[in-house]
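# need coordinates for the following:
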Amino acid sequence: MSVLSLFAPPALMTQADRTERRHMVARLGLAWLGMMQVMMFAFPGYLRNQPMSTENRLFLDEAIVLLNWLSLVLTVPVILYCAWPVWKGAFGRFRAHVITMDVPVALGILAAFIPSVYATLTNRGEVYFESVTMFVAFLLTARYLEFCARQTMAHGAFHQNIQSLRQSLSAGADRVALWFTVAQLGLAALAGAYWFVYSPEHAVAVTVALLVISCPCALAMSVPTAVAAAHASLYQRQSVSQTHLAQLSIDTARVAHQNLYGSMVWHLLLTPLAALGYVQPWLAAITMLASSLAVAANAWRLYRRQSRELDAVWAGQPAQG
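Numbering: from 1, shown residues only. Take a look at the predicted model:
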């Protein structure tokens, strides 16, 4: 019996969905390529504070100027093409006076990109092109996982129990994510203003790190991945008892809440460290990806466990693990 992979393309996809999926893969691939190259260009900048001769330092400074310009050239398509859905979502809804999850993402990108362009043009200050490209690549990775999970839900015939559970969990998660995002935006603004007054050279890094941490990618994935895992475990199993459906609903709700509140706790633990200047923007981007992957892994565990239990029931054997 074939089973439905949690992130595999559904069999009954519309042409529009297939096209959107291809565009997401193209943006994701370009973002990762740009990120890896820009990170290579950024490496000499980390050597600037190492002890070296005056001649070597002058040569390194000249190389850094050239690499900063190359990084700017590579970052522009990542900003304009790869991050296009972010701009479309943020400014489209912002004109309607609605704050969505795209707003902190757009602000985080702009807060890192604009000062980096200024520093490149004037040859003064720090550049954060590697943080920008890393943030976009990791963000698109998390959103691609969320998109695949939502497609799995959209193109499947749900049991009524799972359908009702999805609606109730999604409504609650959206409210939590919205208020969490608004609170994080306010904190980023306050912390950035404080550092701008008392230590301006660290203001941009702190603000960008807080905006990246405020990205609610893992929160947005919490319910879709859990429900998609439940749906995948039921795929092509026509005779499932009400007892197992009820238990599956309980397990799905538990995993969704673990994902949602676990992500919030992770963000809240990092927020004071970022506000104090201990979390660099690139590290904040890595933690954002880590929390999103943890959400996906937790949903995958639900899928594997439920599949084993249902297969064991069908075989008339006690479930293992």
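
# list the buried residues for the helix or strand hosting residue 164?
Per DSSP states H and E: residue 164 is located in helix 160-198. For helix 160-198, the neighbour count (16 or more other C-beta atoms under 10 Å) marks 161-162, 165-166, 169-170, 173, 176-178, 180-181, 184-185, 187-188, 191-192, 195 as buried. Yep, even glycine has a C-beta here, placed from its N, CA and C like the rest.

# by contact count, what packs against that helix?
With contacts defined as 3 or more C-beta pairs under 8 Å, 6 or more residues apart in numbering; DSSP states H and E, helix 160-198 has these neighbours: helix 102-122, helix 200-213, helix 217-234, helix 242-275.

# for the closest residue to residue 45 other than its chain neighbours, pull up the helix or strand it's in.
Closest residue to residue 45 apart from its sequence neighbours, by C-beta to C-beta, 6 or more residues apart in numbering: residue 64 at 5.4 Å. Per DSSP H and E: residue 64 is located in helix 54-77.

# contacts for that helix, please.
30, 34, 37-38, 41-42, 44-45, 47-48, 52, 113, 116-117, 119-120, 123, 127, 129-130, 132-133 (C-beta atoms under 8 Å, 6 or more residues apart in numbering).

# quick check: what element follows it along the chain?
helix 84-94.

# next, the angle from that following helix to helix 102-122.
Following axes from the mean of the first three to the mean of the last three C-alpha atoms, to 10 degrees, one obtains 120 degrees for the angle between helix 84-94 and helix 102-122.

# buried sites along helix 84-94?
Buried residues in helix 84-94, defined by neighbour count with 16+ other C-beta under 10 Å: 85-87, 89-90.

# now stretch 105-123
In terms of neighbour count (16+ other C-beta under 10 Å), stretch 105-123 has its buried residues at 105-113, 115-116, 119-120.

# using CSV, list the CA coordinates for it.
In CSV, the C-alpha atoms belonging to stretch 105-123 read as follows (Å, rounded to 0.1, in the frame of the first residue of the first chain):
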residue,chain,number,x,y,z
VAL,A,105,10.2,39.9,7.6
ALA,A,106,10.1,42.9,5.2
LEU,A,107,11.3,45.2,8.0
GLY,A,108,14.1,42.8,8.9
ILE,A,109,15.4,42.6,5.3
LEU,A,110,15.2,46.4,4.9
ALA,A,111,16.9,47.1,8.2
ALA,A,112,19.9,45.0,7.2
PHE,A,113,20.0,45.8,3.5
ILE,A,114,19.8,49.6,3.5
PRO,A,115,22.6,50.2,6.0
SER,A,116,24.7,47.6,4.2
VAL,A,117,24.3,49.5,0.9
TYR,A,118,25.2,52.8,2.6
ALA,A,119,28.3,51.2,4.2
THR,A,120,29.3,49.8,0.8
LEU,A,121,28.9,53.2,-1.0
THR,A,122,30.7,55.1,1.7
ASN,A,123,33.2,52.4,2.7
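
# got the contact list for it?
65, 68-69, 71-72, 75, 79, 83, 86-87, 90-91, 125-129, 131-132, 135-136, 139, 185, 188, 204, 207-208, 211-212, 214-215, 281.

# ditto for stretch 174-190
Contacts of stretch 174-190 (C-beta under 8 Å, 6+ apart): 99, 101, 103-104, 107, 207, 210-211, 213-214, 216, 219-220, 260, 264, 267, 271, 275.

# which elements pack onto the one helix or strand residue 39 maps to?
Under the criterion of DSSP H and E, residue 39 resides in helix 15-46. Helices and strands touching helix 15-46, by 3+ C-beta pairs under 8 Å, 6+ apart, are helix 54-77, helix 129-154.

# ranking the ones you listed by mean pLDDT, which is last?
Mean pLDDT is lowest for helix 129-154 out of the helices and strands packed on helix 15-46, coming in at a mean of 83.

# give the buried residues for that one.
In helix 129-154, counting by 16+ other C-beta under 10 Å, buried: 129-153.

# over to stretch 241-249?
244-245, 248-249.

# follow-up on the earlier one: of the helices and strands packed on helix 160-198, which is nearest residue 285?
Nearest of the helices and strands packed on helix 160-198 to residue 285, taken as C-beta to C-beta: helix 200-213 at 5.5 Å.
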